[in-house]
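**Student:** Provided below for reference: sequence and predicted model.
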Amino acid sequence: MTPVPPDVIRAAYAELVVSDLAAARWFYVDVLGLVVTAEDDDAIHLRAFEEYLHHSLVLRRGPVPACARLAYRVRSPADVDHAEIWFRELGVRVERVPAGTSLGIGEAVRIEDPLGFPVEFFHDATHVERFTRRYDLHGAGAISRLDHFNVVTPDVPAAQRYYEDLGFALSEDIEDADGTVYAAWLHRKPTVHDVALTGGDGPRLHHIAFATHERGQILHLCDHLGAARRSDMIERGPGRHGVSNAFYLYLRDPDGHRIEIYTHDYYTGDPDNPVVRWDVHDNQRRDWWGNPVVPSWYAEASPVLDLDGRPRELHERTEAREADVTIGADGFSYTRAEERGFKLGNQV
Ligand code: 4SX
Ligand code: FE2
């Protein structure tokens, strides 16, 4: 029987290792306003206001800040079996774990994916109260749900093929006239992405992103950090992305993990959803208003662990790096895409 890929619904949760659980709690609960589903001395399980599965983020205390897991939800329990067969066939490390191995999560398949990330596929999960209408708890910076993962990997086209084989569809990318691909955005749920691939030394986690309903909620988070005299936690933004069209903000948590707050991307659910390709020299691709991308955003990312909890070795990107080819295209001076013979936000 030919293996069929598991039917992935969406990016569902991430587990981050943090060095100081109390400091992390201040950032994720007191500032971002995420809801605590469960907590003890070792871990905090969090969800956003619209989420009814047990958690979308696990913070686990540990010696080295790192990404310990990225998890996708699949459509049915049978898809967990499909995942096991699919990844055994692919020849990567696969572990089947019983229900409850992760608090609140049913039977699951864990893999070390071909890009080097620790990834879980699950269907069953404990339902908890959905706080959609608990406006008494929301606050001005309310976060609705987890939106996507962004991973750093040396070979973007190879990573794109891996995800396309798994059933993900490309929505946008950044490339140059020579065909070098610098980044790609792929989705299962009908938004711009569940996963973005960023070209660089990998595997590393670039960021995880949470969605709000409105831009005002993102602006409030900036005001909150200012009032707490922690404006140093704001890394990039607020702004409007070119790619995805989303309104965005990047924060760095107390361990340096990057968290994006994101809203206003667009529907991609039809099978003929047009792909948007951006020239790497387009000043507006990463910030629609032409604001500079800070160097740390290109250079820094979180290490990832293997299934035994050991840090993964990095593989170097050998192709051109975006930060090296975009001098002048990240707001420090202006290059006009049309002058380079590339239409802005070109649809194909
Ligand atoms: O910086 S980009 O405009 O390319 C961008 C980055 C677009 C969408 C994202 O989610 C992101 O992290
Ligand atoms: Fe993002």
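**Tutor:** It's in. Ligands and ions are numbered 1, 2, ... in the order given.
**Student:** quick check, pLDDT for the residue of the stretch 51-200 of the chain found nearest ligand 2.
**Tutor:** Per Cβ to the ion, residue 150 is where the stretch 51-200 of the chain lies closest to ligand 2, at 4.7 Å. C-betas here are computed from N, CA, C, even on glycine. With respect to pLDDT, residue 150 has a value of 99.
**Student:** need the nearest residue in space to residue 35, chain neighbours excluded.
**Tutor:** Leaving aside its chain neighbours, residue 35 sits nearest to residue 47 (5.2 Å; criterion: Cβ to Cβ, 6 or more residues apart in numbering).
**Student:** isn't that neighbour right up against residue 38?
**Tutor:** No: applying Cβ atoms under 8 Å, one finds residue 47 not in contact with residue 38, separated by 10.1 Å.
**Student:** name the residues contacting each of the two.
**Tutor:** Common neighbours of residue 47 and residue 38 are listed as 54, 55 (criterion: Cβ atoms under 8 Å, 6 or more residues apart in numbering).
**Student:** of these two, who's got more company?
**Tutor:** residue 47 (25 against 15; other Cβ atoms under 10 Å).
**Student:** does ligand 1 sit close to the longest strand seen in the chain?
**Tutor:** In the chain, with assignment by DSSP state E, the single longest strand is strand 8-18. No: Strand 8-18 is not in contact with ligand 1 by Cβ under 6 Å from any ligand atom; minimum separation 11.6 Å.
**Student:** report the distance from that strand to the chain centre.
**Tutor:** Strand 8-18 sits 8 Å away from the centroid of its parent chain (Cα atoms, centre = their mean, to the nearest Å).
**Student:** so what's residue 303 bridging to?
**Tutor:** On the basis of DSSP bridges, residue 303 is bridged to residue 204.
**Student:** then residue 105?
**Tutor:** residue 125.
**Student:** got it, and residue 145?
**Tutor:** Here residue 145, judged by DSSP bridges, has bridge partners residue 211.
**Student:** list the contacts of residue 208.
**Tutor:** By Cβ under 8 Å, 6+ apart, the neighbours of residue 208 are 14, 16, 57, 146, 148, 149, 150, 257, 259, 260.
**Student:** change it to 6 Å
**Tutor:** Going by Cβ atoms under 6 Å, 6 or more residues apart in numbering, residue 208 touches 14, 149.
**Student:** check which helix or strand it maps to.
**Tutor:** Assessed by DSSP states H and E, residue 208 sits inside strand 204-211.
**Student:** can I get that strand in PDB, CA atoms only?
**Tutor:** What follows is strand 204-211, C-alpha atoms only, in PDB (Å, rounded to 0.1, in the frame of the first residue of the first chain):
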ATOM      1  CA  ARG A 204      16.600  26.900  14.400                       C
ATOM      2  CA  LEU A 205      13.300  28.300  15.400                       C
ATOM      3  CA  HIS A 206      12.800  31.800  14.100                       C
ATOM      4  CA  HIS A 207       9.500  32.600  15.800                       C
ATOM      5  CA  ILE A 208       6.100  31.400  16.700                       C
ATOM      6  CA  ALA A 209       3.200  33.800  16.000                       C
ATOM      7  CA  PHE A 210      -0.100  34.400  17.700                       C
ATOM      8  CA  ALA A 211      -3.000  36.200  16.100                       C
END
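**Student:** list the buried ones in it?
**Tutor:** 204, 205, 206, 207, 208, 209, 210, 211 (16 or more other Cβ atoms under 10 Å).
**Student:** can you pull out the helices in this structure?
**Tutor:** Using DSSP state H, the helices assigned to the chain run over residues 21-25, 77-90, 135-138, 156-165, 215-227, 295-299, 322-325.
**Student:** any chance of these in CSV, plus distance to residue 111, mean pLDDT and mean neighbour count?
**Tutor:** CSV is the format used below for these (distance: least, Cβ to Cβ, whole Å; pLDDT from 0 to 100; neighbours: other Cβ atoms under 10 Å):
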stretch, distance to residue 111, mean pLDDT, mean neighbour count
helix 21-25, 26, 98, 16
helix 77-90, 5, 98, 18
helix 135-138, 36, 97, 11
helix 156-165, 12, 98, 18
helix 215-227, 34, 98, 17
helix 295-299, 28, 96, 15
helix 322-325, 28, 92, 15
